[in-house]
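*Asks:* 3D model of this:
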Amino acid sequence: MKAFKIFLAIFAGVFITSCKSSPKLMPSISGKAGEVVVVINKTQWESDPGIALRSILAVDQAFLPQKEPLFTLVNIPENAFASIFQSHRNLILVNITDKAKESKIVYQENVWAAPQIAITISAPDSKSAAEIILKEKDKLENALLQAERNRNIQNAKKYEEISLRNLVTETFGGSPFFPSGYNLRKKTENFIWISYETTYVNQGIFIYKFPFKDSTDFSKENLIAKRNEMLKQNVPGQLENTFMTTYLLQEPGIRWINYNKRNFVEIRGLWEVENDFMGGPFISHFFLDKDGQNIIGLEAFVYAPRYPKRNYLRQVESIIYSFEFF
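*Replies:* Numbers count the residues shown, from 1 in each chain. Below you'll find the predicted structure:
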């Protein structure tokens, strides 16, 4: 515990210094996408605090065709938290001490590296730590997801294929930011398909629009019907009489989101190819265009039959989250 107190003092000093310094002067982050280092002793990791963290962050991510955790958690004891781990992209530091007057969670950026998120959980005992973790579970999960998303968006803007943004903006009044390597696959009057393809992985973006009549157009049934209609017309399969559509044996999820001054419906689910055996995860955003005359559908999908899909999906998900009207 004495060593951990020294670590906390160093942590506080580094944080004050980092706030005064530009992130550009800091070392780059380490670690894999979707990975979170949790600094906590083994006993607490196996008891209430660790159980609470795993119940939030290590659950299966929804709407993937196979089981993959929301995050990959790596437990590091306090005495092993050396410089090799301090630069990790996602950190959770658990400090349980009877000197803590209250339980709290502090969210910080770029403490040892950039772009980094460091989350410190302080509590007087294990039970209190677990309680504050469960109380702030949504904020905790969203902070880590947003940090991963921001890194992808930052990368897309830094290495942007600006010709694609201009192309999409001409038709839809706005566009996501597409990183280097993405190419135009198809363009019609109201449908654009842009993708990044390798031998075994296809990450795609669809942008399309259809007329808006009233608020009932944003029902899940209507949006899925419109999605299927647009994909049947524009995304054929490899064989005759095959086309992309929505896999309905697992019901898609829907929610309203306010993000970056925009309101949109998000639908998550699985896609399949009618009369074939291809499939994978997708995320669709639906929102009104600048004039309020049309609904824009903005969609990310992944086809990667040989590989886990969580991180591939987050990469294209970040692209559609980067959408801006210009």
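*Asks:* Count the neighbours of Ile56 for me.
*Replies:* Neighbours of Ile56 under the rule other Cβ atoms under 10 Å: 17. From N, CA and C alone the C-beta is placed, and that goes for glycine too.
*Asks:* close enough to count as contact, it and Glu141?
*Replies:* Yes. Contact criterion Cβ atoms under 8 Å: Ile56 and Glu141 qualify, at 5.8 Å.
*Asks:* What residues of stretch 90-99 count as buried?
*Replies:* Buried residues in stretch 90-99, counted by 16 or more other Cβ atoms under 10 Å: 90-96.
*Asks:* whoops, I mixed them up, stretch 257-267
*Replies:* Buried-residue list, stretch 257-267, by 16+ other Cβ under 10 Å: 264-267.
*Asks:* where do the contact lists of Ile56 and Glu141 overlap?
*Replies:* Overlap of the contact sets of Ile56 and Glu141 (by Cβ atoms under 8 Å, 6 or more residues apart in numbering) consists of Leu70.
*Asks:* What pairs with the longest strand along the chain, parallel or antiparallel?
*Replies:* For the chain, the longest strand by residue count, based on DSSP state E, is strand 262-274. Strand 262-274 sits in its sheet next to strand 243-247 (antiparallel), strand 253-259 (antiparallel), strand 279-288 (antiparallel), going by DSSP bridges.
*Asks:* Walk me through the domains of this protein.
*Replies:* 2-156, 160-325 (automatic domain parsing).
*Asks:* so for the last one, what's the average pLDDT?
*Replies:* Spelled out, that is domain 160-325. Averaging pLDDT along domain 160-325 gives 97.
*Asks:* Which residue ranges of the stretch 51-200 of the chain form strands?
*Replies:* 72-76, 90-96, 104-109, 117-123, 174-175, 183-187, 191-197 (DSSP state E, counting those that start in this stretch).
*Asks:* which helices and strands sit right next to the first one?
*Replies:* On a contact count with 3 or more Cβ pairs under 8 Å, 6 or more residues apart in numbering; DSSP states H and E, strand 72-76 meets strand 35-39, helix 48-57.
*Asks:* try it again with 10 Å
*Replies:* Applying 3 or more Cβ pairs under 10 Å, 6 or more residues apart in numbering; DSSP states H and E, one finds that strand 72-76 contacts strand 35-39, helix 42-46, helix 48-57, helix 83-86, strand 90-96.
*Asks:* So for that strand, what gets flagged as buried?
*Replies:* 72-73, 75-76.
*Asks:* could those go into a markdown table alongside distance to Leu313?
*Replies:* Below are the buried residues of strand 72-76 laid out as a markdown table (distance: Cβ to Cβ, whole Å):
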| residue | distance to Leu313 |
| --- | --- |
| Thr72 | 15 |
| Leu73 | 19 |
| Asn75 | 26 |
| Ile76 | 27 |
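*Asks:* hang on, the earlier thing: check the strands paired with strand 262-274 for me and report the most buried one.
*Replies:* Among the strands paired with strand 262-274, strand 279-288 has the highest mean neighbour count (mean count of other Cβ atoms under 10 Å), at a mean of 22.
*Asks:* Name the next helix or strand downstream of that strand, please.
*Replies:* strand 294-303 (DSSP states H and E).
*Asks:* Which neighbours in the sheet does that following strand have, and how are they oriented?
*Replies:* Going by DSSP bridges, the partners of strand 294-303 are strand 202-211 (antiparallel), strand 279-288 (antiparallel).
*Asks:* That strand: how far from the chain's middle?
*Replies:* 16 Å (Cα atoms, centre = their mean, to the nearest Å).
*Asks:* could you point out which element follows it?
*Replies:* As assigned by DSSP H and E, the chain's next helix or strand after strand 294-303 is helix 310-321.
*Asks:* out of the strands of the stretch 51-200 of the chain, which comes closest to Asn241?
*Replies:* Closest to Asn241 of these is strand 183-187 (Cβ to Cβ; 18.9 Å).
*Asks:* Distance from the closest one to the middle of the chain?
*Replies:* Put simply, strand 183-187 sits 24 Å off its chain's centre (Cα atoms, centre = their mean).
*Asks:* same question, stretch 284-293
*Replies:* Using Cα atoms, centre = their mean, the offset of stretch 284-293 from its chain centre is 22 Å.
*Asks:* could the buried residues of stretch 257-267 go into CSV alongside distance to Pro236?
*Replies:* Output for those, formatted as CSV (distance: Cβ to Cβ, whole Å):
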residue, distance to Pro236
Phe264, 27
Val265, 26
Glu266, 26
Ile267, 22
